[in-house]
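Q: Generate a structure from the sequence data that follows.
(3 chains)
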Amino acid sequence: MPELPEVETVRRGLAPVMEGAAIARAAVNRPDLRWPFPPDMAARLTGARVDRLRRRSKYILADLSTGESLLIHLGMSGRMLVSGDPLGLFVHDHPAPEKHDHVVFDMDNGARVTFNDPRRFGAMDLLPTDSAEGHPLLASLGPEPLGNQFSESHLVEALKGRNMPMKSALLDQKIVAGLGNIYVCEALFRCGIHPARKAGRVSARRVAALVPVIRAVLTDAIAAGGSSLRDFRQADGELGYFQHSFDVYGREGAPCRTPGCSQEIRRLVQSGRSSFYCPACQR
DNA sequence: AGAAGAACCTGCCCGC
DNA sequence: TGCGGGCAGGTTCTTC
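A: Below is the predicted model:
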């Protein structure tokens, strides 16, 4: 699934065709994704204008003219397809319905937005816009890594005395919201911290150094997503993952990219999830 | 309370 | 060609 940069890229791709437009028709093709859809979801969406698309962590929130917001999570395999686009941003034509097209919005400007999710770990819900942050899925999220709340002192405080591995700590959405497996690996590599190192035993100085690195890793990835969006305009309307090069993620056995380092990247399984790291550069 | 593991699903890739 | 095993970017729930 998309981590924060991919979700932000999806949001940016959807905004031009959805913001200011109304949902003329909503097709809900199954009763649930990870959880049941809210009651009468199609009816509650039909006729609603999308005033704004925003993002909180890995969730997209569509604020509607009805006073409700549509919450969207892409899970592991969720994608958005934009087609029939009258603005000329995407050249893809109306595709035939495909397997796992679970929800389809036809906007009153002629755009069609299709949510496709093979593994169905994704989710959609409707909630009152004015109390969105109280939603169970959002209430316990930590600070946005690109926002002011995510500071050196916050991270130092959050990791103090923790016995969990650094990898697990940065994946914990209560500590910082939006990182996933890929960008945690990349941030730890850039900081020279071993993924298995106990969080409480990394010096405050090194923990603090992680904060700007996390921001940079995410900002770089969002920039790469932006360039992939321009490519979509020439290819198809598919929004989800994008081509991006990583220093360690997925590179087991490949040479470390640190100048002068001759080690190979290794893979380690922690809590059932792969971590990639350089045994020489990360301690 | 904190940390590790299982569970939720489908698809793809590899080796036999 | 088919089948089994392992893998996948998330999150919650259960268990220890």
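
Q: hey, let's count contacts and neighbours off CA atoms from now on
A: Will do.

Q: Let me see the confidence value for the closest residue to DNA strand C within the stretch 151-283 of chain A.
A: Proximity of the stretch 151-283 of chain A to DNA strand C (C-alpha to the nearest atom of the strand) peaks at residue A:180, 3.0 Å away. What the model reports as pLDDT for residue A:180 is 95.

Q: That one is in contact with residue A:171, isn't it?
A: Yes. Residue A:180 is within contact range of residue A:171, at 5.8 Å (criterion: C-alpha atoms under 8 Å).

Q: partners of the lowest-mean-pLDDT helix or strand in chain A in the sheet?
A: Within chain A, no helix or strand scores below strand A:238-239, which has a mean of 86 by mean pLDDT, DSSP states H and E. When pairs are called by DSSP bridges, strand A:238-239 turns out to pair with strand A:79-83 (antiparallel).

Q: what does the average pLDDT come to for the strand it pairs with?
A: 93.

Q: Residue A:196 reaches residue A:170, doesn't it?
A: No. The criterion here is C-alpha under 8 Å, and residue A:196 misses it with residue A:170 at 11.6 Å.

Q: Which one of those two is surrounded by more residues?
A: A direct count of neighbours by other C-alpha atoms under 10 Å for residue A:196 and residue A:170 places residue A:170 higher, at 27 against 18.

Q: Check for me that that one belongs to a strand.
A: No. Secondary structure of residue A:170 (DSSP: H, G, I helix; E, B strand; the rest coil): helix, not part of a strand.

Q: Indicate the residue of the stretch 101-250 of chain A located nearest to DNA strand B.
A: residue A:163 (3.3 Å).

Q: So that residue sits against residue A:196, correct?
A: No. Contact criterion C-alpha under 8 Å: residue A:163 and residue A:196 do not qualify, at 10.5 Å.
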